[in-house]
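> Based on what follows, work out the 3D shape:
(4 chains)
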2 protein chains.
Amino acid sequence: MDAADIEHRLARLRSAFRERGVKLTHQRLEIFREIASSLEHPTADVVFRAVKARLPTVSLDTVYRTLWLLNDLGLVATLGPRKEGIRFDPNLGRHHHYLCLRCGLVRDFEGSGMAALRLPAAVRGFGSVRVVQVEVRGLCRRCSSAQPKTKKARKA
Amino acid sequence: MDAADIEHRLARLRSAFRERGVKLTHQRLEIFREIASSLEHPTADVVFRAVKARLPTVSLDTVYRTLWLLNDLGLVATLGPRKEGIRFDPNLGRHHHYLCLRCGLVRDFEGSGMAALRLPAAVRGFGSVRVVQVEVRGLCRRCSSAQPKTKKARKA
DNA sequence: TTAGGTGCAAATTCTTTGCACCCTG
DNA sequence: CAGGGTGCAAAGAATTTGCACCTAA
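Next up is the predicted model:
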């Protein structure tokens, strides 16, 4: 994630905020900066800790409120199975997800030809289309080897 | 969802259970039957209520345990943004999802040409591939019209 | 018979909310 | 300066767990 890219995202943030008339506070800026520069898909808690390092007084609930606000504004998206907390994803780039059915691991990958997907007309009837992603599910390497008899395979 | 299809799913269930050496209890059977015959993507609570009608003594925690067990066995998958409770999806059929970024609405759609997606080699490195789905995100009709200033757009 | 499964209720964990003060626009 | 935004602490949900009894294999 290079700096110019982040700047670009921040610019989008500013205009989206102005457009919708919401205030651009120090906290919101830092929270967005944090998630926008992340290659991961952090949970609210992870974002909270990271932001707290730079802005010691932020509270977890502000992080939640901001994350949902960004979601409503279409600047980030929520991701996949939750397992342990909702994950937030800085929208943008054309990337896709690989998810482990068992442990919830998430990996991104880029797809070249996949961008050209032709969606059925029915989809337009549901609403607007902002993002099209491919989701691949399976068992990750770790989970493939370990074959628990019955119990706890999740928390891992 | 026709009866033959459900029978087919139940057959898969039995063999998967036998294979892994887990017991096929009355509760598990009913829980699976419930979700397998659903066209929706019910939350644990919805499944619980439906099953309870036929099996008055089941407990919510058994539903959770069973759902996760089925998930680990690869018989169902967890779905999309959680918003209000994890949703479970009876894997099988080639269907895809439309998700509303704001309210979490989920709609299925079938894709013809999409089955032929060519996945990048990198994906195989993550683990096995069991399901490939397309996820389309946008704002559903309802959310497109209502444009809340700042507050609550989610709970809707 | 016997390990795994279930129900119950309590415990956790994640997320949201009410309120008084603060800061952006 | 005004109204949205924030932090704090407490409330609310959703999900999980310990334990003693029950049942499929």
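> Tell me where chain A has strands.
A:77-79, A:87-89, A:95-100, A:106-110, A:131-138 (DSSP state E).
> Nearest the geometric middle of chain A, what residue?
Relative to the mean C-alpha position of chain A, the nearest C-alpha, by CA atoms, centre = their mean, is the one of A:Asp89, at 1.1 Å.
> So what sits opposite that one in the bridge?
Judged by DSSP bridges, the bridge partners of A:Asp89 are A:Ala77.
> Surely it and A:Leu75 touch.
No. Assessed by CB atoms under 8 Å, A:Asp89 is found out of contact with A:Leu75, at 10.5 Å. Placement of C-beta: from N, CA and C, glycine included.
> Lowest average confidence across the strands of chain A, which one?
Lowest mean pLDDT of the strands of chain A: strand A:77-79, a mean of 81.
> Can you spell out which helices and strands pack onto that one?
On a contact count with 3 or more CB pairs under 8 Å, 6 or more residues apart in numbering or on different chains; DSSP states H and E, strand A:77-79 meets strand A:87-89.
> nearest residue to A:Asp108 other than its sequence neighbours?
Nearest non-adjacent residue to A:Asp108, counting by CB to CB, 6 or more residues apart in numbering or on different chains: A:His95, 4.6 Å away.
> number of nearby residues for the one you found?
Per other CB atoms under 10 Å in any protein chain shown, the neighbour tally for A:His95 reads 15.
> Can you mark which positions in stretch A:93-108 are buried?
By neighbour count on 16 or more other CB atoms under 10 Å in any protein chain shown, the buried set for stretch A:93-108 is A:96-108.
> so what's the closest residue to A:His97 other than its chain neighbours bridging to?
Once flanking residues are discounted, A:His97 sits nearest to A:Glu135: 5.2 Å by CB to CB, 6+ apart. For A:Glu135, the beta-bridge partners under DSSP bridges are A:His97, B:Gln133.
> what sits against A:Glu135?
A:Gly80, A:His96, A:His97, A:Leu99, B:Val131, B:Val132, B:Gln133, B:Val134, B:Glu135 (CB atoms under 8 Å, 6 or more residues apart in numbering or on different chains).
> So which residues make contact with the helix of greatest length in chain A?
Taking DSSP state H as the assignment, the helix of chain A that covers the most residues is helix A:3-20. With contact meaning CB under 8 Å, 6+ apart, helix A:3-20 is reached by A:23-24, A:28-29, A:32-33, A:36-37, A:73-75, A:90, A:92, B:149-150.
> Mark which of those residues are buried, thanks.
A:Arg28, A:Leu29, A:Phe32, A:Arg33, A:Ala36, A:Ser37, A:Leu73, A:Gly74, A:Leu75, A:Pro90.
> which residues does the last one contact?
It stands for A:Pro90. A:Pro90 neighbours (CB under 8 Å, 6+ apart): A:Arg9, A:Ile35, A:Ala36, A:Ser38, A:Leu75, A:Val76.
> Need the nearest residue in space to it, chain neighbours excluded.
Nearest one to A:Pro90, counting by CB to CB, 6+ apart, is A:Ala36 at 4.8 Å.
> Pull the contacting residues for that neighbour.
Each residue near A:Ala36 by CB under 8 Å, 6+ apart is listed here: A:Met1, A:Ile6, A:Arg9, A:Leu10, A:Leu13, A:Pro90.
> of all those, which comes closest to B:Thr66?
Of all these, A:Pro90 has the smallest distance to B:Thr66: 35.2 Å, by CB to CB.
> okay, and for chain A, where does confidence drop off?
Within chain A, the stretches with pLDDT under 70 are A:1, A:80-84, A:91-92, A:112-116, A:146-156.
> For DNA strand D, give me its nearest residue in it.
For chain A and DNA strand D, the shortest gap (CB to the nearest atom of the strand) falls at A:Thr62, measuring 2.9 Å.
> Could you find the closest non-adjacent residue to that residue?
Nearest one to A:Thr62, counting by CB to CB, 6+ apart, is A:Gln27 at 5.5 Å.
> Name all residues that make contact with that neighbour.
A:Val51, A:Leu55, A:Val58, A:Thr62, A:Thr66.
> Just the buried residues of stretch A:58-78, please?
Result for stretch A:58-78 [16+ other CB under 10 Å]: buried residues A:58, A:62-78.
> Produce a PyMOL select command limited to the buried residues of the contacts of A:Ala36.
A single PyMOL command selects the buried members of those (16+ other CB under 10 Å):
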select buried, chain A and resi 9+13+90
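> any idea which of the contacts of A:Ala36 is closest to A:Val47?
A:Pro90 (10.8 Å).
> The closest one and A:Tyr98, how far apart?
To A:Tyr98, A:Pro90 is 18 Å away according to CB to CB, to the nearest Å.
> what's the burial count for A:Val136?
Neighbours of A:Val136 (other CB under 10 Å): 24.
> and the gap between it and chain B?
5 Å (CB to the nearest CB, to the nearest Å).
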